[in-house]
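Undergrad: need a structure here:
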Amino acid sequence: RHVYVANNGDNTVSVIDTATNTLSAGPLRVGISPSGFGIFTGP
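TA: Numbers count the residues shown, from 1 in each chain. Below is the predicted model of the structure:
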């Protein structure tokens, strides 16, 4: 499982591995001022 964190100040998203509480990806460049998003986990 992962947590996706919007970093509004630098227009990136960080991906945190919840098993280890470490950064697993990122920061990933995204659009201007990310402030929120939805995640679909599936059935």
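Undergrad: list of residues touching the helix or strand bottoming out on mean pLDDT in the chain?
TA: Using mean pLDDT, DSSP states H and E, the weakest-scoring helix or strand in the chain turns out to be strand 2-7, at a mean of 88. Identification of contacts with strand 2-7 by C-beta atoms under 8 Å, 6 or more residues apart in numbering yields 13-18, 24, 27, 30, 34-37, 39. All C-beta atoms are positioned from the backbone trio N, CA, C, and that covers glycine.
Undergrad: isn't N8 up against I32?
TA: No. Between N8 and I32 there is no contact under C-beta atoms under 8 Å: 9.5 Å.
Undergrad: any residues in contact with both of these two?
TA: By C-beta under 8 Å, 6+ apart, no residue touches both N8 and I32.
Undergrad: what about those two, which has more around it?
TA: N8 (11 against 6; other C-beta atoms under 10 Å).
Undergrad: ranges for the strands of the protein?
TA: Assigned by DSSP state E, the strands in the chain fall at 2-7, 12-17, 22-29.
Undergrad: give the pairing partners of the first one; include direction for each.
TA: Meaning strand 2-7. strand 12-17 (antiparallel) (DSSP bridges).
Undergrad: may I have the least confident helix or strand of the chain as CSV, with CA atoms only?
TA: Provided in CSV are the C-alpha atoms of strand 2-7 (Å, rounded to 0.1, in the frame of the first residue of the first chain):
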residue,chain,number,x,y,z
HIS,A,2,1.1,3.5,-0.7
VAL,A,3,0.1,7.1,0.3
TYR,A,4,0.2,9.8,-2.3
VAL,A,5,1.1,13.2,-1.0
ALA,A,6,0.4,16.4,-3.0
ASN,A,7,3.3,18.9,-2.5
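Undergrad: gap between it and the chain center?
TA: 2 Å (C-alpha atoms, centre = their mean, to the nearest Å).
Undergrad: likewise stretch 13-33?
TA: Counting by C-alpha atoms, centre = their mean, stretch 13-33 comes out at 4 Å from the chain centroid.
Undergrad: D17 is in contact with S24, isn't it?
TA: Yes. Between D17 and S24 there is a contact under C-beta under 8 Å: 4.1 Å.
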